[in-house]
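Enquirer: pasted the sequence and its predicted model underneath.
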Amino acid sequence: MRRLPRLDGTSWSAGAQLGTGGNNTVSAVAYEQQSGSAMATYGKGFSDANVYYQMWNGATWSGESSVSAPSGFGSSDNPTFTSLASDPRSDRILLGVTTPAARRG
């Protein structure tokens, strides 16, 4: 289960559960620079090569969406790490992914 705790300025909440299935934790969080919305990315374990994400609009989390792995990647090429980088002049967010295949070089 992936839980993302939230600070209200004074205390931490238990956090929202993101996604279903799998056992990986949230890998990365970044904010859109103009809207202020946040994106949280995560993987779902060893048999799923997709990266999953949800958006926070300041009040609620969106439903789960995913980015499919590029062609040539199999189910064993699950994301082991993700990183996000916000464009300081727009709401664009760049996603970087490391997989077991990337480590094999």
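Expert: Ah, there it is.

Enquirer: tell me where this structure has strands.
Expert: For the chain, the strands defined by DSSP state E cover 2-4, 16-18, 28-31, 38-42, 51-56, 65-67, 81-86, 93-98.

Enquirer: report the central residue of this protein.
Expert: residue 41 (0.1 Å; Cα atoms, centre = their mean).

Enquirer: roughly how far does that residue sit from residue 8?
Expert: Counting by Cβ to Cβ, to the nearest Å, the gap from residue 41 to residue 8 is 23 Å. Using the backbone N, CA and C atoms, a C-beta is placed for each residue, glycine as well.

Enquirer: okay, the residue of the chain positioned farthest from its centre: pLDDT?
Expert: No residue in the chain sits farther from the centre than residue 10, which is 25.4 Å out by Cα atoms, centre = their mean. Among the per-residue scores, residue 10 holds a pLDDT of 80.

Enquirer: quick one on the thing from earlier: could I get the strands of the chain as a markdown table with mean pLDDT?
Expert: Below are the strands of the chain laid out as a markdown table (pLDDT from 0 to 100):
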| stretch | mean pLDDT |
| --- | --- |
| strand 2-4 | 67 |
| strand 16-18 | 71 |
| strand 28-31 | 88 |
| strand 38-42 | 90 |
| strand 51-56 | 90 |
| strand 65-67 | 90 |
| strand 81-86 | 90 |
| strand 93-98 | 89 |
